[in-house]
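Chemist: What shape does this take:
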Amino acid sequence: MTAALPRADVAPVASAKRRRRAPGWLAVLPLLVFTAIAFGLPAFAILDGAFTVKDPATGAASYTTANLTGSLQGPYLTALLGSVKLSAVSAALGALFGLPLAQAVVGSRSRALREAVLTASGVLANFGGVPLAFAFVATLGNAGVLTAHLGLKDSGWDLYSFWGLVLVYLFFLIPLMVLTITPALDGLRSQWREAALNNGATGTQYWRHVALPVLAPSLLGGLVLLFGSAFAAYATAAAMVGSAVPLVTLQIADALSGNVLVGQENVALALSLDMVLVAGLVMAVYLPLQRRSARWLDA
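Modeler: Coordinates of the predicted model:
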């Protein structure tokens with residue numbers, strides 16, 4: 001009997017198995033590098049500038065909290081509180097009007113209506129800046145088309161005010177709420193409503209005791225998302241109201257350009273740091289709510 005000859009492909013396979021596999025983090029290394037450059041460097045510049053004060057006589061720089069202290073006083077604090085107030089009111093109204101609209105879309109049997117509303121919401125949620133401001137100025141401004149035809153100016157209507165800015169923000173916040181809450185409404189089980197109705201509950205009782213408690217994390221998460229979107233908006237308010245409504249984003253632009261006081265660039269960076277902290281608090285609330293909502297609706 002002849003001995004079996006070794007197969008020629010055994011050695012390459014064995015050597016391939018002995019090869020060390022490349023670490024998994026190498027696949028995400030380009031993303032990590034991009035994140036470090038695009039976000040890390042600006043964040044470091046904000047932190048460094050927010051805590052740096054230059055002596056006007058010698059030009060020497062020193063680290064102190066004077067910029068942060070100044071950003072929480074006087075007109076800067078007023079602007080920060082104004083942005084928080086505007087964002088909170090706009091987000092609350094956006095959620096209030098967006099939820100019934102989203103429910104009407106989800107409850108509709110027309111697939112074409114659903115797709116049309118969601119597509120329009122996706123477009124309108126990203127429509128802002130100078131074009132949005134111009135559209136409202138041409139429509140509801142002091143010499144706007146509807147202002148003239150409806151006589152709104154005689155009744156005291158003023159687009160360039162706090163409530164006028166709220167109205168403009170709702171133009172993109174309501175569609176954003178529709179996009180945010182629609183998946184949660186789709187997750188409501190029809191069996192829950194049927195069980196509630198079979199046990200003698202009314203439609204109002206179903207929404208009060210079943211649907212809204214289940215949707216509460218998604219609703220609060222959407223509210224937080226709307227707040228963050230309104231809080232970070234700049235171009236629309238800058239083009240429409242200027243300094244008529246105190247907002248932190250407008251104060252940052254004025255401090256950087258020196259429109260009010262020269263040499264306040266680092267105070268603007270401190271204001272930016274304040275905004276980052278507020279946004280961090282917003283995300284700290286939003287992410288747990290999203291996870292809790294996902295556990296309910298995916299069960």
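
Chemist: and Ser62, what helix or strand is that in?
Modeler: Ser62 belongs to strand 61-63 when assigned by DSSP states H and E.

Chemist: Show me what that strand packs onto, helices and strands only.
Modeler: Secondary-structure packing of strand 61-63 (3 or more Cβ pairs under 8 Å, 6 or more residues apart in numbering; DSSP states H and E): strand 52-54. Glycine gets a C-beta too; all of them are placed from N, C-alpha and C.

Chemist: Just give me the neighbour total for Ser83.
Modeler: 25 (other Cβ atoms under 10 Å).

Chemist: Quick check: chain neighbours aside, which residue is closest to it?
Modeler: Val248 (4.4 Å; Cβ to Cβ, 6 or more residues apart in numbering).

Chemist: which residues does that neighbour contact?
Modeler: Listed by Cβ atoms under 8 Å, 6 or more residues apart in numbering, the contact set of Val248 reads 76, 79-80, 82-83, 271, 274-275.

Chemist: Ala50 too?
Modeler: Ala50 is in contact with 67-68, 266, 269-270, 272-273, counting by Cβ under 8 Å, 6+ apart.

Chemist: Tell me the one of those nearest Leu185?
Modeler: Using Cβ to Cβ, Ser272 comes nearest to Leu185 of those, at 36.3 Å.

Chemist: Please, which helix or strand holds that closest one?
Modeler: Assigned by DSSP H and E, Ser272 falls within helix 265-297.

Chemist: Can you report how many residues lie near Lys54?
Modeler: Applying other Cβ under 10 Å, we find 13 residues neighbouring Lys54.

Chemist: looking at the sheet around it, what are its partners?
Modeler: In this structure, Lys54 bridges to Ala61 when assessed by DSSP bridges.

Chemist: Can you give me the buried ones in the helix or strand that contains Ala216?
Modeler: Following DSSP H and E, one finds Ala216 within helix 212-232. In terms of neighbour count (16 or more other Cβ atoms under 10 Å), helix 212-232 has its buried residues at 214-215, 217-231.
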